[in-house]
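Visitor: Have a look at this prediction, sequence included:
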Amino acid sequence: MNYPQEHIKPYGKDGKKSEQVEKMFNNIAPAYDKLNHTLSMGIDRNWRKKAINMLRPFRPRRIMDVATGTGDFAILACRELQPDTLTGTDISEGMMEVGREKVKQAHLSDKISFVREDCTCLSFADGSFDAVTVAFGVRNFEDLDKGISEMCRVLSPGGHLVILELSTPDRFPMKQLFTVYSRIVIPLLGKCISKDNSAYTYLPESIHAFPQGEVMQEVIRKAGFSEVSFKRLTFGICTLYMARK
């Protein structure tokens with residue numbers, strides 16, 4: 001099935017979305033962490049903690065963090081959940097290079113590894129992980145159905161999926177305030193800090209186009225998951241999805 005955000009690309013219509021997304025994240029990798037925390041006013045840290053707390057009762061031993069980026073979620077999940085191994089996957093080597101250095105400084109190199117992977121065609125065997133996490137990455141998938149299905153495939157039976165994704169509030173006045181913030185403030189700050197105007201014009205466009213709430217819940221269920229639920233965070237600016245294989 002085609003979803004609107006799959007046709008939104010950072011650098012125009014020509015070329016594959018995955019290639020453009022890889023280029024974009026390689027470009028903004030040095031400034032990404034600063035921008036991420038600035039644009040969310042630090043609230044993203046709280047969102048990550050809530051997502052990790054959803055997995056705490058299940059004590060997963062093998063975790064994969066998809067679209068791991070610079071490794072913020074991977075590092076926090078490793079500290080909080082104490083898995084045997086945590087594998088961070090991403091298409092951007094630039095982002096993962098930043099992540100590797102952060103993991104080294106956190107003295108977690110024996111637990112956390114990074115590998116370049118296309119989320120729509122993962123190289124791992126069926127049932128390789130007890131939990132799969134994605135923080136602010138599914139919006140960038142070139143094929144959302146394939147990406148979710150692949151995450152289901154590599155999960156062990158009974159394993160859990162946790163997704164954090166930015167979303168658009170649907171109630172006054174947050175809906176109106178978020179529209180102004182996403183369309184004016186985010187591109188302006190993004191251009192000033194990262195020097196890549198396209199990246200932070202793409203961000204709000206892809207947020208608005210992405211399936212949310214009940215629609216995304218059905219996408220996850222259709223990929224083979226059960227017990228799919230979601231919770232809107234911070235007036236709907238972010239949505240947390242949880243599912244079991």
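Guide: The structure has been received and is ready for your questions.
Visitor: The strand or helix carrying Thr201 - contacts with which helices or strands?
Guide: Using DSSP states H and E, Thr201 falls within helix 197-209. The contact analysis (3 or more Cβ pairs under 8 Å, 6 or more residues apart in numbering; DSSP states H and E) places helix 197-209 against helix 17-39, helix 186-194. To be clear about C-beta, it is placed using only N, CA and C from the backbone, and glycine gets the same treatment.
Visitor: Now with 10 Å, please.
Guide: Where contact means 3 or more Cβ pairs under 10 Å, 6 or more residues apart in numbering; DSSP states H and E, helix 197-209 is packed against helix 17-39, strand 155-166, helix 174-180, helix 186-194.
Visitor: Would you mind getting the angle between that helix and helix 17-39?
Guide: 90 degrees (axes from the mean of the first three to the mean of the last three Cα atoms, to 10 degrees).
Visitor: Alpha carbons only: can I get helix 197-209 in PDB?
Guide: Below are the C-alpha coordinates for helix 197-209, written out as PDB (Å, rounded to 0.1, in the frame of the first residue of the first chain):
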ATOM      1  CA  ASN A 197      17.500  23.700   4.700                       C
ATOM      2  CA  SER A 198      16.000  20.800   2.900                       C
ATOM      3  CA  ALA A 199      16.300  18.400   5.800                       C
ATOM      4  CA  TYR A 200      14.200  20.500   8.200                       C
ATOM      5  CA  THR A 201      11.600  21.400   5.500                       C
ATOM      6  CA  TYR A 202      11.300  17.700   4.900                       C
ATOM      7  CA  LEU A 203      10.700  17.000   8.600                       C
ATOM      8  CA  PRO A 204       7.400  18.800   9.100                       C
ATOM      9  CA  GLU A 205       6.100  17.700   5.700                       C
ATOM     10  CA  SER A 206       6.700  14.100   6.500                       C
ATOM     11  CA  ILE A 207       5.200  14.400  10.000                       C
ATOM     12  CA  HIS A 208       1.900  15.800   8.500                       C
ATOM     13  CA  ALA A 209       1.800  13.100   5.800                       C
END
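Visitor: Pull the distance from that helix to the chain's centre.
Guide: 15 Å (Cα atoms, centre = their mean, to the nearest Å).
Visitor: Buried residues in it, which are they?
Guide: Within helix 197-209, the residues that count as buried by 16 or more other Cβ atoms under 10 Å are Ser198, Ala199, Tyr200, Thr201, Tyr202, Leu203, Pro204, Glu205, Ser206, Ile207, His208, Ala209.
Visitor: Check stretch 51-62 too.
Guide: Those would be Ala51, Ile52, Met54, Leu55, Pro60, Arg62, for stretch 51-62 by 16+ other Cβ under 10 Å.
Visitor: Export it to CSV, keeping only CA atoms.
Guide: Output in CSV follows, covering the C-alpha atoms of stretch 51-62 (Å, rounded to 0.1, in the frame of the first residue of the first chain):
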residue,chain,number,x,y,z
ALA,A,51,9.1,3.8,25.4
ILE,A,52,11.8,1.9,27.3
ASN,A,53,9.5,1.5,30.3
MET,A,54,7.0,-0.3,28.1
LEU,A,55,9.6,-3.0,27.6
ARG,A,56,10.9,-3.3,31.1
PRO,A,57,8.4,-6.0,32.3
PHE,A,58,9.5,-8.3,29.5
ARG,A,59,13.3,-8.1,30.1
PRO,A,60,14.4,-8.6,26.5
ARG,A,61,17.9,-10.1,26.1
ARG,A,62,18.4,-9.3,22.4
